[in-house]
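>>> The following block contains a protein sequence and its predicted model.
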Amino acid sequence: MDLSAINPAVLIASLMVAATPILLAALGELVVEKSGVLNLGVEGMMITGAVCGYAVAVSTGSPALGFVGAALGGALMSMVFGILTQYFMSNQVATGLALTLFGLGLSALIGQGYLQLRPPPVGEVNFGPLADIPALGTIFFQHDAMVYLSLALVGAVWAFLKFSRWGLILRAVGESHDAAHALGYKVIHVRLMAIAFGGACAGLGGAYLSLIRVPQWTEGMTAGAGWIALAIVVFASWKPVWILVGAYLFGGITVLQLNLQAAGAMFPLAAIGWILVGLGLIDALVQHFSGKNPSILRIVFDICLVALGIFGTWWVHGTLVPFKIEYLSMSPYLITILVLVIMSSGRGRAALSAPAALGKPFHASS
Amino acid sequence: MHVTKLLAGATVALGLATAAVAADKTKVGFIYVGPIGDLGWSYEHNEGRLAVEEAYGDKVETVYQESVPEGADAERALTQMALQGADIIFTTSFGYMDPTINVAEKFPNVVFEHATGYKRADNVSTYSARFYEGRAVIGHIAGKMTKSNKIGYIASFPIPEVIRGINSAYIHARKANPDVEFSVVWVYTWFDPAKEGDAAKALIDQGIDVIMQHTDSTAPQAVAKDAGGVYTFGQASDMAAYAPMPRISSIIDNWAPYYVTRVGAVMDGTWQSVDTWDGIAPGMVKIGEMSDVIPEDVRAEAMAISDSIASGEYHPFTGPLNKQDGGAWLAEGETADDGTLAGMNFYVEGLTGSVPN
């Protein structure tokens, strides 16, 4: 592939930056959904966080305080949702959608006095000589603190849900609120805390946009990032580590296609041949290790795939065509659809990984 | 339950009240593709709306809806606005073309004005500005200012309006500096600050030192400012907050006079379906202040180009020009006709990459 014009280290570094807002927001939403609540207002909380963080950072001159303000703003915003859905039993889907609209409007109002200002710059974390290592230094040791915080948060959420007692309670509430209630756990309190955590994370993600990635305040600047975060939670089938994969995949493809265009890179047709060979071999290996005897048809199919791939590679060897940017832009969405189809068709564990009480209202009397 | 009924009652009462008040006023509606706080495209259209209010005071009432997606949802927003009693509705983005035509059919007594499109009806006018005239001027500046000879262009959608701008900018950058190369990045959005900023970053990573944009937010300006040593141009609005660096000049869309005239025509009953396409001369396209970063002589040259376009002496698309594949387009001295420009779907010779379809 003629990617010589693109520096892979720079590309990976910038994809980490591009993925951080959706990573944070998706991680927060994962915890919310694990507690059995579906909050579709991620976009609204993100944009509120973006404006709160921006306003605080500009007023105080401290980006760190800005992020604290963003987390608080997002959490406060989520409490509107929390109180309506948990105490007043309003419909979660409708309330979440309303929260998005409310957040967009409220943030535009708060942001009135902050248009066209410059936020205080956020520096890189100083790793000393580590940052000078070729490639690795660029990828791992030249970021701002939020990138590392978001990665640490992935680990923390994973450990919390898997190993801690509180994590177990949270999951229990999300799987069966009646059982958790019968055991004496305060279902509503647990859920409110999860919702607040989700709001704070979304707020941090929003502030990452307005303070670091863009960096400026513009009305409606999240432009749909919250919805992508929601999709990533489903894509990840409610697993923290897969949230990381999903967010980096989305962020990565966005940045990759922009870089491919900027560099005027060409696509070698031969790559399609290699993909065919790869698919054939992988399928053969899966068949081999699944322990079943593959059907003759399957074997013939795999052999044909590999043969076609090799022939195709030879046939178009050295031919370069312009990238179809449309397809690259589409690909994260296509992959999500594919994952959803696979998940819903397989009756395996993946299909069952959605919290059983997701989106169901709870009242102690019922 | 009581609360719900009460609220419903209040809403109905409020609706009736507004309808009653609106009856003796001319109601003017605007549909925006982004938020009015984008400080770019939608911001300028909203400035036009404010000018209408200023001009007619109590005799008009304006309503607007922001961030309306292009496509089916626009039809809903338009229908709603027409049902609320709007007399004239401005739909301010290319993607509202078919929704505007569809809704106009259902409301023959409401008149519509669609920006940058080409489909008209008895109650649908179209209007646009000759942005490519402005692109010629800033293209020249870009060609003179670049040191790396690499100019980046953040493009939104592959529609004639955008392709025209790329061609015009390229032709004039090339004239100013025969060594320039253009990198066009298509972002497939009018407004997404994060993506626009990422595109600017990707271009800067490639050693580009002048960035032009055909998207609506100021994000590329913010990214260029952080990077340092990169020049940008305000798009649709002046974006003066980023002057004198990185923003060294701008193309400003000035819709206010047009909106005031058209609303006036509705008020006195002389409105007719027309196709307006104005440029620098009538003031629909303006060149924003050129900052001191640009050398004196380049500023003078740019002004001269702007003046000669305004006087009609010079057309930005004057032959000899070839299409990208080398095929002849315009002969020596020949100028492009509006029909070809309106439907432009090809790059001129010298541009690399291809127009996505």
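Done, it's in.

>>> Next, work out how far apart the nearest residue in space to residue B:149 that is not next to it in sequence and chain A are.
Distances taken as CB to CB, 6 or more residues apart in numbering or on different chains put residue B:179 closest to residue B:149, at 4.5 Å, once the chain neighbours are dropped. Every C-beta, even on glycine, is put in place using the N, C-alpha and C of the backbone. Here residue B:179 is placed at a distance of 16 Å from chain A (CB to the nearest CB, to the nearest Å).

>>> Tell me who's in contact with residue A:52.
Shown in contact with residue A:52 (CB atoms under 8 Å, 6 or more residues apart in numbering or on different chains): A:69, A:70, A:72, A:73, A:74, A:110, A:203, A:207.

>>> at 10 Å instead, please
Taking CB atoms under 10 Å, 6 or more residues apart in numbering or on different chains as the contact definition, residue A:52 lies against A:66-74, A:76-77, A:106-107, A:110-111, A:203, A:206-207, A:210.

>>> give me every residue that touches the residue nearest to it when sequence neighbours are not counted.
In space, and not counting its chain neighbours, residue A:52 is closest to residue A:73: 3.0 Å by CB to CB, 6+ apart. When contacts are counted by CB under 10 Å, 6+ apart, residue A:73 is found next to A:45, A:47-53, A:55-56, A:103, A:106-107, A:110, A:199-200, A:202-204, A:206-207.

>>> do residue B:328 as well
The neighbours of residue B:328, taking CB under 10 Å, 6+ apart as the test, are B:319, B:320, B:321, B:322, B:334, B:349.

>>> can I get the residues you listed in JSON lines with secondary structure?
Below are these laid out as JSON lines (DSSP: H, G, I helix; E, B strand; the rest coil):
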{"residue": "B:319", "secondary structure": "coil"}
{"residue": "B:320", "secondary structure": "coil"}
{"residue": "B:321", "secondary structure": "strand"}
{"residue": "B:322", "secondary structure": "strand"}
{"residue": "B:334", "secondary structure": "coil"}
{"residue": "B:349", "secondary structure": "coil"}
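
>>> Please identify which of those residues is nearest to chain A.
Each of those was checked against chain A using CB to the nearest CB; the closest is residue B:349, at 16.5 Å.

>>> can I assume that closest one is in contact with residue B:319?
No. Because the distance of 11.6 Å does not satisfy CB atoms under 10 Å, residue B:349 is recorded as not touching residue B:319.

>>> In terms of neighbours, single out the busier of those two.
Summary of the neighbour comparison: residue B:349 and residue B:319, criterion other CB atoms under 10 Å in any protein chain shown, with residue B:349 having more neighbours (18 against 15).

>>> Flag every buried residue along stretch A:45-55.
Of the residues in stretch A:45-55, those buried by neighbour count under the rule 16 or more other CB atoms under 10 Å in any protein chain shown are A:45, A:46, A:47, A:48, A:49, A:50, A:51, A:52, A:53, A:54, A:55.

>>> Looking at those, spot the one nearest residue A:188.
When these are compared for distance to residue A:188 (CB to CB), residue A:45 wins out at 19.6 Å.

>>> would you say the closest one is within a strand?
No. When three-state DSSP is applied, residue A:45 is found to be helix, with no strand at that position.

>>> can you pull the contacts of it?
Going by CB under 10 Å, 6+ apart, residue A:45 touches A:25, A:28-29, A:39, A:70, A:73-78, A:80-81, A:96, A:99-100, A:103, A:107, A:195, A:198-203, A:205-206, A:222, A:226, A:229.

>>> measure the nearest residue in space to residue B:154 that is not next to it in sequence to chain A for me?
Closest residue to residue B:154 in three dimensions, ignoring its sequence neighbours and counting by CB to CB, 6+ apart: residue B:213, at 4.2 Å. As for residue B:213, its distance to chain A is 13 Å (criterion: CB to the nearest CB).

>>> Overlap in contacts, residue B:349 and residue B:319.
Contact criterion CB under 10 Å, 6+ apart; residues bridging residue B:349 and residue B:319 by contacting each: B:328, B:329.

>>> Can you tell me the element residue 198 falls in?
Let's take chain A. helix A:187-208 (DSSP states H and E).

>>> Chain B, not that one
helix B:193-205.

>>> And residue B:251, by the same measure?
Counting by DSSP H and E, residue B:251 is found in strand B:247-253.

>>> again with residue B:90
Here residue B:90, judged by DSSP H and E, is contained in strand B:88-91.

>>> So which other helices or strands are in contact with the helix or strand just after that strand?
Beyond strand B:88-91 in the direction of the C-terminus, DSSP H and E gives the next helix or strand as helix B:97-106. Applying 3 or more CB pairs under 10 Å, 6 or more residues apart in numbering or on different chains; DSSP states H and E, one finds that helix B:97-106 makes contact with helix B:72-83, strand B:88-91, strand B:111-115, strand B:124-129.
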